[in-house]
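Colleague: return atomic coordinates for the entry below.
(chains A and B)
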Amino acid sequence: MIKYTPSELCLIWLDSLTGFSYKAKQGLYNLLDGKTELKKFIELNRVSLTADVGDKNYNTLLQSANKSYFAGVLDLLNERNIVAVTICSKNYPKELINTANPPLVLYAKGNLELLNEKAFAIVGSRKSLPISISTAETYAKSLSNAGFTLVTGIAEGVDKTVLETALKNSGKVISVTAGGFDNIYPASHIELFNQVAKEGLVLSEYPPQVKAMPYNFPVRNRIIAGLSKGVLIVSGAIKSGTLHTAEYAEEFGRDLFAIPYGVGVPSGAGCNDLIKRGAYLTDTPKDILDFYGIGETEGQDSAKKVALNLTDDEKSIVSALSNGSMHIDKLCEVTGKKIFEIMPIIAVLEIKAIVVKAGVNVYGLTRNDLEE
Amino acid sequence: MIAKISSYVLHGLNGIPIEIEVDVNNGLPAFDIVGLADTAVKEAKERVRSAIKNSGRQIPTRKITANLAPADVKKEGSLLDLPLAIGVLKACGGLVADTDGIIFLGELSLDGSLRRINGVLPIIISAVTAGYTKFIIPKGNANESSYVAGAKIYPAESLTEVINHLSGLKPIEELKIRDYVAGEGKNLYDTDLSLVKGQTVAKRALEIAVAGGHNLLFVGAPGTGKTMLAKCIPTIMPDMTKEEALETTKIHSVAGVLKDGDGIVCTRPFRSPHHTATTVSLTGGGSNVRPGEISMAHNGVLFMDEMPEYSRSTLEALRQPLEDNVITVSRASGNVTYPANFILCGSMNPCPCGNYGSEDKVCTCTPNQIAKYKARLSGPLLDRIDIQVQVDSVKYAELSSNEQAESSSTVRERVNKARKIQKERFKDDGILTNGSMGEKHIKKYCALSKECESILQSAYESLHLSPRARSRIIKVARTIADTCESVDIAPAHILEAISYRSL
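Modeller: Purely as a prediction, here's the structure:
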């Protein structure tokens, strides 16, 4: 069982109360920290406290300032093996503490050492095209292998892919949820959540019982951006939650990377917009590794084109797709092959993870480092 | 004098012989029908009375009793009007003629003319098998009946014609029995594969589905041509054999969907019940048991547009007929088995708004909504749909291009070849197509080379296939091999089969 310092306990206590704003909690913490006779202090300062937080909240404070309430709050955490990392804790993430409005308490489950590792966030929309998912996988694998702790949410699509890829490669990974740990959204990802809690780290700024409300998600995104040195936006429409993360990254001075998309692809328009506004364009993980001055640990010299022992048929398709994704009808036309000849070849390339669906019956390459 | 007249009633797709006995007694004038008759039969007395009067004959003002034997079989429908009228005339001496061995069928109108009835074809087929040869039927049913070899059929327009025929005054000309010519109705399809622009993947999938009798599902946004593609399925199916045509016509005859001029159904049926259809309308049933849509699609196509919109119980009711190719409807009145061997073609949107997965359109559904929408088709049902393809919207340039696509007849030739190979292969197994193969047949006929096994293995891992997808892929690969007239399943066949999975 974790032994919390009095300051930490004070923060955990404050954070467990409902109805207080972030500012109010901060103010109360500065006021109440180090007071031994908490209840007495609150009773004595009734007038000034009521003026600060209002009648209702004052009553909440008064009623909860007792031993049994404290014990209840701690039991709730201990039962679930949740560790509260407060802003005055030693292991509170250094990157996060320097941002605006850092969470007063981070509820954590898993490997706490990841809190102060070199972290990189990969985020994207929930309904990404298969090609974006494949991109997320490639980046997650490279960055994970290069030693980054990957940070993301726990939604469908890109988040899920990043988590799964990192877990598969035994990489370090943090998932930040938008509600308390008793209310994982989407509920279907509870299995994934448990796995991340076991092999990586899950974080939330909310006590376990808090529900993931829609307005919590953009707020959560500030933690994702705050934890990380850099943020990669894999996909996102112009108006999407993903772009909140990008805005926070800009605000916090993080390195912002975005994957470029073609004209008229709605699910990538947000990324293109970010690039227009100055985000780094990246189309291979090497861009990011070079940016941070690290070579890929696999020792691959990525500048060199990779030869993959493709057959002539496969090469013809790869070269046809090298100028961008293409509809299968067009592909038949370009390569001069019949549909039943082309489908097996595409299936092989799909299995080899060189080609992926980029839309309905549209195929694209997953990598751009293939030898011609 | 008691008059005895032979007739038939329907039970399911078979006829049951009925003997009608009519007696005229002294007593208060009355007309009683006994022998488990339903309302339509009971009402016959009014029609018979008027029809006889309006045909210029007298109906005796005495007590008339008609008995329908056997008394324990329920008699339904209006087809007993004619035999009752003839029986009454004979019993009162208004007609002297030999009616032994003649089957009378027909509904009377008040003016004495004969109306078309449902189910004449199955009755004639049953009766011919039972040894009857002579039939007097309404003229409106002449066309559908003209394909039964060994039957002497006399189509009559009115009661007067029948009386004149029987008494020898003016015999009715015997109906000429026609030979069934396969493909007679080929031009009746109002669509052709060559009219479908683009959609190469979907068209290829269509060909394979028909060649191997696989069920298929089109996934695509609204207005991408899923229905048009489905309507092309009958045009590339092999021509109906005489047996198939008769069987389908029997069902349509019983269901009453044959139109007046229709002879035999020689085009593959294409049934597309609306998604509000009830389970009974699909499987068959009702108080007077009648075949449902799946039986009317027998030997043809059942197209279910917007498949997830059907009610869950309706969809699940399809599982047994998809497996056994027949549907057994059990009601208090007894069990009826209707054939239901059809290709199921479903269509659905990728998500409630229809744009999910598209490169250039925005999907406004939440991931949860999409998952829920897809989950409306249950796993066991999807297991029975071997081919699932995505259909996308065709670009305007393709729509307006004049390039001629392959016509249905070209594709049909390839389909015929593949079907022939399968017929030969399964001659001892009691199935006709690869689509009906069970695990036993897969083991027997779909030996995979090491290379194919390793492809399946790697696909299984990298494409996250489910175990049940495996046998689907092998079955489809078998059909693809058949269309290429290849004895063994080659890696290319497996690979192509892998690409027909989208759910």
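Colleague: what helix or strand is residue B:337 on?
Modeller: strand B:334-339 (DSSP states H and E).
Colleague: give me the helices and strands touching that strand, please.
Modeller: helix B:242-255, strand B:326-331 (3 or more CB pairs under 8 Å, 6 or more residues apart in numbering or on different chains; DSSP states H and E). Every C-beta, even on glycine, is put in place using the N, C-alpha and C of the backbone.
Colleague: taking the centroid of chain B, which residue is nearest it?
Modeller: residue B:296 (2.6 Å; CA atoms, centre = their mean).
Colleague: which residues touch it?
Modeller: Taking CB atoms under 8 Å, 6 or more residues apart in numbering or on different chains, we find residue B:296 in contact with B:251, B:252, B:255, B:257, B:269, B:271.
Colleague: so how far is residue B:13 from it?
Modeller: Distance of residue B:296 to residue B:13, given as CB to CB, to the nearest Å: 12 Å.
Colleague: how about the strands in the stretch 151-300 of chain B?
Modeller: For the stretch 151-300 of chain B, the strands defined by DSSP state E, counting those that start in this stretch occupy B:152-156, B:216-220, B:270-271, B:284-285, B:290-291.
Colleague: contacts for the second one, please.
Modeller: This points to strand B:216-220. A:360, B:202, B:205-206, B:209, B:226, B:229-230, B:307, B:343-350, B:382, B:385-393, B:502-503.
Colleague: adding distance to chain A, write the helices and strands packed on strand B:334-339 out as a markdown table.
Modeller: Formatted as a markdown table, the helices and strands packed on strand B:334-339 follow (distance: least, CB to the nearest CB, whole Å):
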| stretch | distance to chain A |
| --- | --- |
| helix B:242-255 | 28 |
| strand B:326-331 | 34 |
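Colleague: point out the most buried one among those.
Modeller: Most buried of the helices and strands packed on strand B:334-339, by mean neighbour count (mean count of other CB atoms under 10 Å in any protein chain shown): helix B:242-255, with a mean of 22.
Colleague: other residues contacting that one?
Modeller: Contacts for helix B:242-255 (CB under 8 Å, 6+ apart): B:10, B:12-13, B:118-122, B:125, B:144, B:147-148, B:180, B:182, B:240, B:258, B:264-266, B:269, B:290-291, B:295-296, B:298-300, B:338-339.
Colleague: before we move on, what about stretch B:357-373?
Modeller: With CB under 8 Å, 6+ apart, stretch B:357-373 has contacts from A:126-127, A:129-130, A:155-157, A:186, A:188, A:237, A:264-267, A:325, A:357-360, A:362, B:221, B:308, B:349-356, B:390, B:392.
Colleague: now a PyMOL select for only the buried ones of these.
Modeller: If you want just the buried ones from the contacts of stretch B:357-373 in PyMOL, going by 16 or more other CB atoms under 10 Å in any protein chain shown, the selection is:
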select buried, (chain A and resi 126+127+129+130+155+156+157+186+237+265+266+267+325+357+358+359+360+362) or (chain B and resi 221+308+349+350+351+352+353+354+355+356+390+392)
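Colleague: and chain A, which residues reach chain B?
Modeller: Residues of chain A lying near chain B by CB under 8 Å from any CB of the partner chain: A:126-127, A:129-130, A:155-157, A:186, A:188, A:237, A:264-267, A:325, A:327-329, A:332, A:339-340, A:343-348, A:350-353, A:357-362.
Colleague: now with 7 Å, please.
Modeller: A:126-127, A:129, A:156, A:186, A:237, A:264-266, A:328-329, A:332, A:339-340, A:343-344, A:346-348, A:350-351, A:353, A:358-362 (CB under 7 Å from any CB of the partner chain).
Colleague: all strands for the stretch 1-150 of chain B, in order.
Modeller: Under DSSP E, counting those that start in this stretch, the stretch 1-150 of chain B gives strands at B:3-11, B:14-25, B:30-34, B:63-69, B:102-104, B:107-108, B:114-115, B:134-138.
Colleague: what's the closest of the ones you listed to chain A?
Modeller: Nearest to chain A, of all the strands of the stretch 1-150 of chain B, is strand B:14-25, at 44.5 Å by CB to the nearest CB.
Colleague: list the buried residues in that closest one.
Modeller: Using 16+ other CB under 10 Å as the test for burial, strand B:14-25 gives B:14, B:15, B:16, B:17, B:18, B:20, B:21, B:22, B:24.
Colleague: surely the third one and residue B:74 touch.
Modeller: So the one you mean is residue B:16. No - under the criterion of CB atoms under 7 Å, residue B:16 makes no contact with residue B:74, lying 9.6 Å away.
Colleague: which non-adjacent residue is nearest residue A:268?
Modeller: residue A:261 (2.6 Å; CB to CB, 6 or more residues apart in numbering or on different chains).
Colleague: who's in contact with that neighbour?
Modeller: Counting by CB atoms under 7 Å, 6 or more residues apart in numbering or on different chains, residue A:261 touches A:268, A:269, A:271, A:272.
Colleague: point me to the residue of the stretch 51-200 of chain A nearest chain B.
Modeller: Counting by CB to the nearest CB, the stretch 51-200 of chain A gets nearest chain B through residue A:156, at 4.3 Å.
Colleague: just the element for that residue, please.
Modeller: Short version, using DSSP H and E: residue A:156 is in no helix or strand.
Colleague: now do the contacts for it.
Modeller: Contacts of residue A:156 (CB under 7 Å, 6+ apart): A:126, A:186, B:367.
Colleague: could you chop chain A up by domain?
Modeller: A:1-79, A:112-291, A:312-365 (automatic domain parsing).
Colleague: out of those domains, which is the most enclosed?
Modeller: domain A:112-291 (a mean of 21).
Colleague: now find how far off-centre that one is within its chain.
Modeller: 3 Å (CA atoms, centre = their mean, to the nearest Å).
Colleague: start to end distance for it?
Modeller: 27 Å (CA to CA, to the nearest Å).
Colleague: stretch A:125-134 too?
Modeller: 13 Å.
Colleague: residues making contact with it?
Modeller: With CB under 7 Å, 6+ apart as the criterion, stretch A:125-134 contacts A:124, A:155-158, A:161, A:234-237, A:240, A:242, A:267, A:325, A:356-359, A:364, A:366, B:356, B:359, B:363, B:367.
Colleague: go on, stretch B:282-293?
Modeller: B:76, B:251, B:254-255, B:271, B:273, B:277, B:280-281, B:294-295, B:302, B:314, B:317, B:327, B:329, B:331, B:333, B:336, B:338.
Colleague: can you map out the strands along the stretch 51-200 of chain A?
Modeller: Under DSSP E, counting those that start in this stretch, the stretch 51-200 of chain A gives strands at A:83-86, A:105-110, A:119-123, A:149-152, A:173-176.
Colleague: only alpha carbons, please: show the longest one as CSV.
Modeller: It refers to strand A:105-110. Backbone C-alpha positions of strand A:105-110 (Å, rounded to 0.1, in the frame of the first residue of the first chain) are rendered in CSV as follows:
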residue,chain,number,x,y,z
VAL,A,105,-4.2,14.5,-9.3
LEU,A,106,-3.5,11.8,-11.8
TYR,A,107,-5.1,8.5,-11.1
ALA,A,108,-2.7,5.8,-12.4
LYS,A,109,-2.7,2.1,-12.8
GLY,A,110,0.2,0.2,-14.1
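Colleague: ok, back up a step: save the strands of the stretch 151-300 of chain B as a markdown table, and put in mean pLDDT too.
Modeller: A markdown table is the format used below for these (pLDDT from 0 to 100):
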| stretch | mean pLDDT |
| --- | --- |
| strand B:152-156 | 95 |
| strand B:216-220 | 92 |
| strand B:270-271 | 92 |
| strand B:284-285 | 88 |
| strand B:290-291 | 90 |
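Colleague: can you redo these as TSV with mean neighbour count?
Modeller: Shown next, in TSV, are the strands of the stretch 151-300 of chain B (neighbours: other CB atoms under 10 Å in any protein chain shown):
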stretch	mean neighbour count
strand B:152-156	20
strand B:216-220	26
strand B:270-271	20
strand B:284-285	24
strand B:290-291	26
